[in-house]
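1. 3D model of this:
(chains A, B and C)
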Amino acid sequence: MGGSFFDLVYKVVRKIPKGRVATYGQVAALCGHPRNARAVGYALHVNPDPKQIPCHRVVNRFGGLSPAFAFGGEQRQKILLQDEGVDFHGLDTVDLAVYRWEEDYQ
DNA sequence: CTCTTGACGCACA
DNA sequence: GTGTGCGCCAAGA
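-> Got it, this is the predicted structure:
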């Protein structure tokens, strides 16, 4: 680890503050590859440290998790975010306009 | 080594 | 405004 795109992804995701969410494209952009959101998803897929890397805080550009999400159950992810204070706008969609993590805000 | 799939995002018709 | 396809990077078969 160290230098790889994946490691950078984990690093960024780990930096996401509690109660905030980031999009795959945003993380990819922070890694230096704004068009590589796919690799970000894959990086979280291999998620070596789920306890340290809150993948539940990473959502797609719509603010909702992918239907393939299954690191413990979609419901699980929703509960975790709600517990952090994130309000869901619908069934499994968060209000990015409010909870989207901004590097400038950190 | 080549082709396909994938936790995404966006440009084009 | 909507529908379709393509692009980027990586991994699996």
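
2. Could you export stretch A:76-89 as CSV, CA atoms only?
-> The C-alpha trace of stretch A:76-89 is given here as CSV (Å, rounded to 0.1, in the frame of the first residue of the first chain):
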residue,chain,number,x,y,z
ARG,A,76,-27.7,-2.0,7.4
GLN,A,77,-26.1,0.8,5.4
LYS,A,78,-29.2,2.9,5.7
ILE,A,79,-29.4,2.5,9.4
LEU,A,80,-25.7,3.4,9.8
LEU,A,81,-26.2,6.6,7.9
GLN,A,82,-29.4,7.5,9.7
ASP,A,83,-27.6,6.8,13.0
GLU,A,84,-25.0,9.4,12.0
GLY,A,85,-27.6,12.0,11.4
VAL,A,86,-28.0,11.6,7.6
ASP,A,87,-31.6,12.1,6.5
PHE,A,88,-32.8,9.8,3.7
HIS,A,89,-34.8,11.4,1.0
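
3. Tell me who's in contact with A:Val58.
-> Contact analysis of A:Val58 by C-beta atoms under 8 Å, 6 or more residues apart in numbering lists A:13, A:16, A:21-24, A:27, A:40, A:44. For the C-beta atoms, the positions are set from N, CA and C on the backbone; glycine is no exception.

4. Can you flag which of these belong to strands?
-> A:22-23 (DSSP state E).

5. Return the closest of the contacts of A:Val58 with respect to A:Leu91.
-> Of all the contacts of A:Val58, A:Val21 has the smallest distance to A:Leu91: 15.8 Å, by C-beta to C-beta.

6. and chain A, which of its residues are near DNA strand C?
-> By C-beta under 7 Å from any atom of the strand, the residues of chain A that approach DNA strand C are A:5-6, A:33, A:35-39, A:42, A:46.

7. hmm, back to that, put the buried members of the contacts of A:Val58 into a PyMOL selection.
-> Buried residues within those, by 16 or more other C-beta atoms under 10 Å, are selected in PyMOL with:
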select buried, chain A and resi 13+16+21+22+23+24+27+40+44
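
8. The closest residue to A:Ala37 other than its chain neighbours and A:Val58, how far apart?
-> Excluding the flanking residues, the one nearest A:Ala37 by C-beta to C-beta, 6 or more residues apart in numbering is A:Tyr24, at 3.8 Å. Per C-beta to C-beta, to the nearest Å, A:Tyr24 is found 6 Å from A:Val58.
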